[in-house]
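Chemist: Fold the following.
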Amino acid sequence: MERISQSLVYLDTHIVCWLYEKRIEKLSQTAIDAIEEGNLFVSPMVDLEIQYLFEIGRISEPSDTVLSALSEDIGLQISTTPFSLIAVQARTLNWTRDPFDRLIVAEVLLKQNAQLITKDKNIREHFEKAVW
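Modeler: All right, here's what the predicted structure looks like:
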């Protein structure tokens, strides 16, 4: 169950990969602070995108390995927001054609006390809850 006592911090796919690879130097101090202070979540779309990256050889481990390790190490959870709600919200995000970005951002938009940690410039230009 998603707790609201602290801010909800959703992680974009590349952030999850960097954390798993222990490449903390790739993160901004603002991102590190948010990760240390927040309740950490990923959209199920991040799970799927990591698996896709594994299948095409861009990363070395499958999604279940990455997410299980981060769940144990930093308490990362996969969100359980109903996909039907996310899809409706995603229809409003016409500033991107990337289905992963669209669904990840849509999920964060549905949360009152949430932010998305991302280095993605396009997301940051169009999404006020994006943090870097």
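
Chemist: Flag the shaky bits of this structure, pLDDT-wise.
Modeler: 1-6 (pLDDT under 70).

Chemist: Strands of that one, residue ranges please.
Modeler: With strands called from DSSP state E, the chain shows them at 8-11, 39-42, 77-78, 114-117, 130-131.

Chemist: out of those, deepest packed?
Modeler: Neighbour counts (mean count of other Cβ atoms under 10 Å) averaged over each of these peak at strand 8-11, with a mean of 24. C-beta coordinates here come from the backbone N, C-alpha and C atoms, glycine included.

Chemist: Who are the packing partners of that strand?
Modeler: helix 29-37, strand 39-42, helix 99-109, strand 114-117 (3 or more Cβ pairs under 8 Å, 6 or more residues apart in numbering; DSSP states H and E).

Chemist: Could you pull up the residues touching the residue nearest to T92 when sequence neighbours are not counted?
Modeler: The spatial neighbour of T92 that comes closest, neighbours along the chain excluded (Cβ to Cβ, 6 or more residues apart in numbering), is A106 at 7.8 Å. Applying Cβ atoms under 8 Å, 6 or more residues apart in numbering to A106 gives the contacts I86, A87, Q89, A90, T92, L93.

Chemist: quick revisit: can you list the helices and strands packed on strand 8-11 in TSV and add distance to G75?
Modeler: Formatted as TSV, these follow (distance: least, Cβ to Cβ, whole Å):
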stretch	distance to G75
helix 29-37	10
strand 39-42	6
helix 99-109	18
strand 114-117	15
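
Chemist: Ok, which of those comes nearest C17?
Modeler: strand 39-42 (11.1 Å; Cβ to Cβ).
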